[in-house]
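Peer 1: what would the 3D arrangement of this be:
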Amino acid sequence: MRLPRELRSNAREFGDLLVSSPTGQRIPLTQLADLASKEGPVEVSRENGQRGISVEANVRGTDMGSFVEQAQRKIGNEVKLPPGYLMTWGGLWQNLESGRNRLLVVVPVTFLVIFILLFATFHSVSQATLVFTGIPFAVTGGVLSLLLRGMHFSMSAGSDSSRSLVWRS
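Peer 2: Okay, here's the model as predicted:
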């Protein structure tokens, strides 16, 4: 229910509100509940019939993955949720995890396809393997470029086109 500001700001008047019982008797709210003013969430949302509260954070000075792993470890050690409570991690972290899981499939498949194409080109396992060994050097060059720019090696570093290096000769 929505009450006028005067009732919401005065604890005594709020406690004197009359509530109808099933028999029709009108009882002051203070006889039905313990009233106290406490700090809490401004908004409690609902999803699938469950209440939910979001906690948001901006990450600076580190990458998202390291921050969330450290936060999960600390919260896991220090916060014990009561039965029936659930904590989930979402937002950019959820996108990072989704991308990481996709890469765990895509990268090996890509390497396999590259090797098959090299084998089809050279008709020799040894020649295909020799050319294939150049891949780690390309990855090393990308990591060194990130280090020179002072960036963390992360999913966002690989996908953020505004931060990518372009070498022109």
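Peer 1: report the buried residues of the top helix by length along the chain.
Peer 2: As assigned by DSSP state H, the longest helix anywhere in the chain is helix 92-122. For helix 92-122, the buried set under the neighbour-count rule, 16 or more other Cβ atoms under 10 Å, comprises Trp93, Leu96, Gly99, Phe115, Leu118, Phe119. C-beta: built from backbone N, CA, C; applies to glycine.
Peer 1: quick one: the second one from Met151, how far?
Peer 2: Distance from Leu96 to Met151, counting by Cβ to Cβ, to the nearest Å: 15 Å.
Peer 1: for Asp16, which non-adjacent residue is closest in space?
Peer 2: Nearest residue to Asp16 in three dimensions, chain neighbours excluded: Pro28, at 5.5 Å (Cβ to Cβ, 6 or more residues apart in numbering).
Peer 1: and for the one you found, the neighbour number?
Peer 2: 11 (other Cβ atoms under 10 Å).
Peer 1: please name the bridge partners of it.
Peer 2: Taking DSSP bridges as the rule, Pro28 bridges to Leu18.
Peer 1: that one reaches Leu17, doesn't it?
Peer 2: Yes: taking Cβ atoms under 8 Å as the definition, Pro28 is a contact partner of Leu17 at 7.0 Å.
Peer 1: outline the domain layout of the chain.
Peer 2: Residue ranges for the domains of the chain, per automatic domain parsing: 1-38, 101-163.
Peer 1: the first one: which residues count as buried?
Peer 2: With burial defined by 16+ other Cβ under 10 Å, the residues of domain 1-38 counted as buried are Phe14.
Peer 1: show the average pLDDT along that domain.
Peer 2: Per-residue pLDDT over domain 1-38 has a mean of 83.
Peer 1: residue boundaries of the strands in this protein?
Peer 2: Taking DSSP state E as the test, the strands found in the chain are 18-20, 26-28, 45-47, 50-52.
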